[in-house]
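Participant: Pasted the sequence and its predicted model underneath.
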Amino acid sequence: MKRYIQYILLLLLTFSQLSCEDTINVDLNNEDPKLVIDAVLKWPKGTNGENQTIKLTKTSDFYNNEVPPASGAIVTVTNSSNVVFNFIEDANTGIYNCTNFVPVINELYTLHITYEGQTYTATDKLYATPAIQYVEQTNLPPIGGGEEIVQIKFFFQDNGSEDNFYLVGAQNPNYVTPDYGVISDEFFQGNVMFGFYANDNLKPGQNLKLYLQGVSNPYYNYMNKLIAISGTNNGNPFATPPATLRGNITNQTNKDNYPLGYFSLGETDSRDYLIQ
């Protein structure tokens with residue numbers, strides 16, 4: 001099955017299979033669990049954006065397939081006018097919800113989390129996102145006797161008065177997780193730009209959901225690395241990030257015990273496209 005998305009370089013790793021008679025026991029040193037913070041707040045166009053969610057989990061050891069929730073935290077987001085939005089945990093799930101958030105373009109927000117006696121903070125602004133204007137489809141002949149390749153471009157107008165960075169995505173109905181990519185307007189300042197998606201597992205009549213979000217330059221760099229790493233993580237960049245990839249959230253109590261994850265805010269636009 002071939003999956004393609006622009007601006008992502010997929011590294012093909014070839015593993016040789018070795019057989020041996022001796023059992024090798026690997027002694028893995030388990031580090032103390034880290035807090036993982038999923039705090040990407042999105043404001044879909046056409047909504048008031050008042051419902052937002054922040055998810056807290058903890059890393060676990062190598063042999064544990066379950067992701068433990070980080071329950072019992074105090075989670076707030078504060079705007080530049082010192083209005084505090086409380087995120088309340090749903091039971092003991094590690095999922096914290098806010099039902100009265102007020103999103104404002106270019107407003108600065110500060111995340112504040114208190115968990116197990118330590119304080120975590122981050123600040124970012126809410127970025128504007130252009131509307132998806134139209135979608136184009138091109139069908140290409142199959143490669144090597146496979147299926148026909150469907151190419152999709154979705155177009156939007158870049159703001160020429162500033163440098164912009166975008167997260168683009170496509171949810172193929174044949175897969176559980178969306179495909180993501182990041183692009184900048186470095187060579188397209190003020191022009192019409194497009195997100196790109198191609199796949200040989202799309203059929204006429206299927207619905208493809210397209211996604212666009214304006215993001216900051218640091219978040220663009222963060223996601224660029226995370227998407228590249230996700231090639232070895234079942235293609236999901238929003239799974240638990242590797243411990244070596246640090247976001248913009250700092251531990252104010254203990255700098256060395258840094259969390260994983262990112263705090264980001266952005267307006268979003270999406271489009272449902274019926275494959276022809």
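Facilitator: Sure, I can see it.

Participant: going forward, measure contacts and count neighbours with C-alpha atoms only.
Facilitator: Will do.

Participant: Is it correct that Thr250 is in contact with Thr123?
Facilitator: No - applying CA atoms under 8 Å, one finds Thr250 not in contact with Thr123, separated by 10.0 Å.

Participant: can you give me the helices for the chain?
Facilitator: Assigned by DSSP state H, the chain shows helices spanning 217-229.

Participant: Give me the below-cutoff pLDDT ranges for it.
Facilitator: The model of the chain has pLDDT under 70 over residues 1-31, 61-65, 231-243.

Participant: From Asp124, how far out is Glu107?
Facilitator: For Glu107, the distance to Asp124 equals 8 Å [CA to CA, to the nearest Å].

Participant: So for these two, which residue has more residues nearby?
Facilitator: The residue with more neighbours, out of Glu107 and Asp124, is Asp124; 20 against 14, by other CA atoms under 10 Å.

Participant: tell me the contacts of the more buried one?
Facilitator: 108-110, 263-265 (CA atoms under 8 Å, 6 or more residues apart in numbering).

Participant: Kindly present these as a markdown table, with separate columns for neighbour count and distance to Thr57.
Facilitator: Output for the contacts of Asp124, formatted as a markdown table (neighbours: other CA atoms under 10 Å; distance: CA to CA, whole Å):
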| residue | neighbour count | distance to Thr57 |
| --- | --- | --- |
| Leu108 | 17 | 25 |
| Tyr109 | 24 | 22 |
| Thr110 | 18 | 20 |
| Phe263 | 22 | 15 |
| Ser264 | 25 | 17 |
| Leu265 | 29 | 20 |
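
Participant: Check the residues you listed and tell me the two furthest apart.
Facilitator: With CA to CA as the measure, no two of those lie farther apart than Leu108 and Phe263, at 11.8 Å.

Participant: which residues are common contacts for those two?
Facilitator: 123-124.

Participant: Which of the contacts of Asp124 sits closest to Leu210?
Facilitator: Looking across the contacts of Asp124 and measuring by CA to CA, the closest to Leu210 is Leu265, at 18.8 Å.

Participant: Could you tell me which residues make contact with the closest one?
Facilitator: 40-43, 124-127, 215.

Participant: what do you get for Thr53?
Facilitator: Each residue near Thr53 by CA under 8 Å, 6+ apart is listed here: 39, 41, 87, 95-98.

Participant: Against Leu41, how distant is it?
Facilitator: For Thr53, the distance to Leu41 - CA to CA - is 7 Å.

Participant: number of nearby residues for the residue nearest to Pro178 when sequence neighbours are not counted?
Facilitator: Nearest-residue entry for Pro178: Gln171, 4.3 Å, with adjacent residues in sequence omitted and distances by CA to CA, 6 or more residues apart in numbering. Look at Gln171: counted by other CA under 10 Å, it has 18 neighbours.

Participant: Repeat that for Val176.
Facilitator: Neighbour number of Val176 under other CA under 10 Å is 9.

Participant: Please apply the same query to Tyr222.
Facilitator: The number of residues near Tyr222, taken as other CA under 10 Å, comes to 18.

Participant: So it is in contact with Thr244, correct?
Facilitator: No - assessed by CA under 8 Å, Tyr222 is found out of contact with Thr244, at 11.6 Å.

Participant: give the contact list for Gly261.
Facilitator: 36-39, 240-241, 246-249.

Participant: Quick check: chain neighbours aside, which residue is closest to it?
Facilitator: Ile37 (4.8 Å).
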